[in-house]
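> build me a model:
(chains A and B)
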Amino acid sequence: MNRLDKSTIICRCEEISYEEIEEVIGNGARTFDDIKRLTRCGMGPCQAKICTSLVAKVIHEETGKPLHEIPLPRMRMPLSPIKLETLATDSTSFSTVKSVLDEVELEDGKVR
Amino acid sequence: METDVLIIGAGPAGLAAALETASRGLAVILIDESSSLGGQLPQQTQLIRPLPSEYGPLRGFELAEKLINQLEDYPINYLLQHRVVGLYADGSVGVTDEENVFPVKAKKMIMATGAAERAVAFPKWTMPGIMTIGAAQTLINRDFVLPGNEAVIIGSSDFAMDVALQLMAVGVNVKGIVEEQPEVQASDNVKIEQVQQSGVPIYLNASIIEARGNGEVAEIDIEHTGTVLTEKVDLVCVDGGRSPILDLFYQLGCSFGYQEKLGGWIPQYNSNFQTDREDAFLAGNAAGITSQGAILLTGMVAGISVCEKLQAISHDEAQQIRGSLFKELEILEDKDIWESRIHHIERYANPKLKDQFIS
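Residues are numbered from 1 along each chain as shown, chains lettered A, B, ... in the order given. Alright, predicted model coming up:
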């Protein structure tokens, strides 16, 4: 790994620096999800697609934990960004997402 | 929408799997988020070898054409510019065409989701002008856009050598290749020689200190043999290797194993290229980062296994075809990758990561 100074960005979406990640590892964070909860690392538009491997490397360097013991971050639906309008869909024949949108009843395309 | 086989990803692995399944009479839906078939192949202008005996050696875009053309006679339902965004409780896949989301119910799925390039971090790596080698290649070969004039490449894999040569061919001055390790990572000596003969220095045991620039990259400091080398650049291409794309496997509740040589975490699978889910198979770089030839073979194995499960061919015939495909895979694939793959398959019943909480 190249030498990272304290200000080197690790999560570019949320602009989380090496120093911020180092700090929460110092406080006991050991997995990607720990770091995410404490810093917002990985919570931007790319949803950790870019920083997952960088964060794993930082955890490895800071704690000595081998990479195969650093688990994958939790991956959630939707798997990639999607407009809410699209997700809600205009089909009434099936339920697209299990959400409050399911509870909305439509009449002539409008909420009843 | 219902089908026998749903193939997710229309790169080389997905196309190879489509041929095996569609040619044996199964109904196939092939989904890809891009507007064209072939995945990353159409912008690969380099010669790709070794390939399975019925192909090549071909250039990447020629291989893409061949893979697409041989599907011509089969009634495959192509869903291009469609993305899988999730799963329904009944096992249907949620697909969007950017206007609506609809379920696709398949008897079997083959996930050929491919790989994503990894970032390389160093101070100011997020500045414009700094991109992955794959992004630079897409710009010059697909979009016909010059990403810069003066470049440094970080990383020395075979792919980095290919892109270095392709950048030079369109007039980019490649000022150097920076490699952290004590030796060049590429295994194709012809390419390494070609790069060196073009006068591109390869700095081994070297690292990046920082990039600088006002709003875009203008300079990069490289540490090499105890001294600092500053290059004026408007393009830095980074090669951090690739990681399999796993989101969908995670949502399906598949278990994972860790194989460093195959790109780190990969779904657990057996010699049928079947995950620990009855309906989910996989192929290509999603099953471990490997060469193009091996990608095609894994697509064929997954396709054959699905044909067997859906009784389009007999168990004996499937075993025989799989046996010869595995023999060819052993020959085509780098030895350390092949050994990791076999090791991974042997660990099928003992995954490292399983029963993740899915939300």
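
> residue contacts, residue A:41?
A:10, A:11, A:14, A:16, A:20, A:21, A:32, A:35, A:48, A:51, A:55 (Cβ atoms under 8 Å, 6 or more residues apart in numbering or on different chains). The C-beta positions use only the backbone N, C-alpha and C, and glycine is treated the same way.

> from chain B, how far off is the third one?
This points to residue A:14. Per Cβ to the nearest Cβ, to the nearest Å, residue A:14 is found 12 Å from chain B.

> restricted to buried residues, select the contacts of residue A:41 in ChimeraX.
The following ChimeraX line selects those of these that are buried, judged by 16 or more other Cβ atoms under 10 Å in any protein chain shown:
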select /A:10,11,14,16,20,21,32,35,48,51,55
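
> turn the contacts of residue A:41 into CSV, columns for secondary structure and pLDDT.
Listed next are the contacts of residue A:41 as CSV, based on DSSP: H, G, I helix; E, B strand; the rest coil; pLDDT from 0 to 100:
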residue, secondary structure, pLDDT
A:10, strand, 97
A:11, strand, 97
A:14, coil, 97
A:16, strand, 97
A:20, helix, 97
A:21, helix, 97
A:32, helix, 97
A:35, helix, 97
A:48, coil, 94
A:51, coil, 96
A:55, helix, 97
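
> ok, the contacts of residue A:41 vs residue B:211, which is closest?
When those are compared for distance to residue B:211 (Cβ to Cβ), residue A:10 wins out at 15.5 Å.

> quick check: chain neighbours aside, which residue is closest to that closest one?
Computed as Cβ to Cβ, 6 or more residues apart in numbering or on different chains, the closest residue to residue A:10 that is not its neighbour in sequence is residue A:54, at 5.1 Å.

> one step back: which one among the contacts of residue A:41 gets closest to chain B?
residue A:10 (6.3 Å; Cβ to the nearest Cβ).

> secondary structure class of residue B:236, three-state.
strand (DSSP: H, G, I helix; E, B strand; the rest coil).

> if we can go back for a sec, show me what contacts the residue nearest to residue A:10?
A:10, A:11, B:118, B:119, B:121.

> mind listing what's buried along whichever strand or helix holds it?
Per DSSP states H and E, residue A:54 falls inside helix A:52-63. Neighbour counts using 16+ other Cβ under 10 Å place A:52, A:53, A:54, A:55, A:56, A:57, A:58, A:59 of helix A:52-63 among the buried residues.

> next: stretch A:12-19.
Buried residues in stretch A:12-19 (16+ other Cβ under 10 Å): A:12, A:13, A:14, A:16, A:17, A:18.

> just flag the most distant two among these.
The farthest-apart pair in these, when distances are taken by Cβ to Cβ, is A:13 and A:18, at 15.5 Å.

> name the SS class of the residue nearest to residue B:279 when sequence neighbours are not counted, please.
Setting aside the residues directly before and after it, residue B:279 is nearest to residue B:108 in space (Cβ to Cβ, 6+ apart), at 5.4 Å. Three-state call for residue B:108 (three-state DSSP): strand.

> now residue B:108: how far from chain A?
Relative to chain A, and taking Cβ to the nearest Cβ, residue B:108 is found at 20 Å.

> what sits against that residue?
Listed by Cβ under 8 Å, 6+ apart, the contact set of residue B:108 reads B:4, B:5, B:6, B:279, B:280, B:281, B:306, B:309, B:310.

> strands of the stretch 251-359 of chain B, residue ranges please.
B:256-259, B:264-267, B:280-282 (DSSP state E, counting those that start in this stretch).
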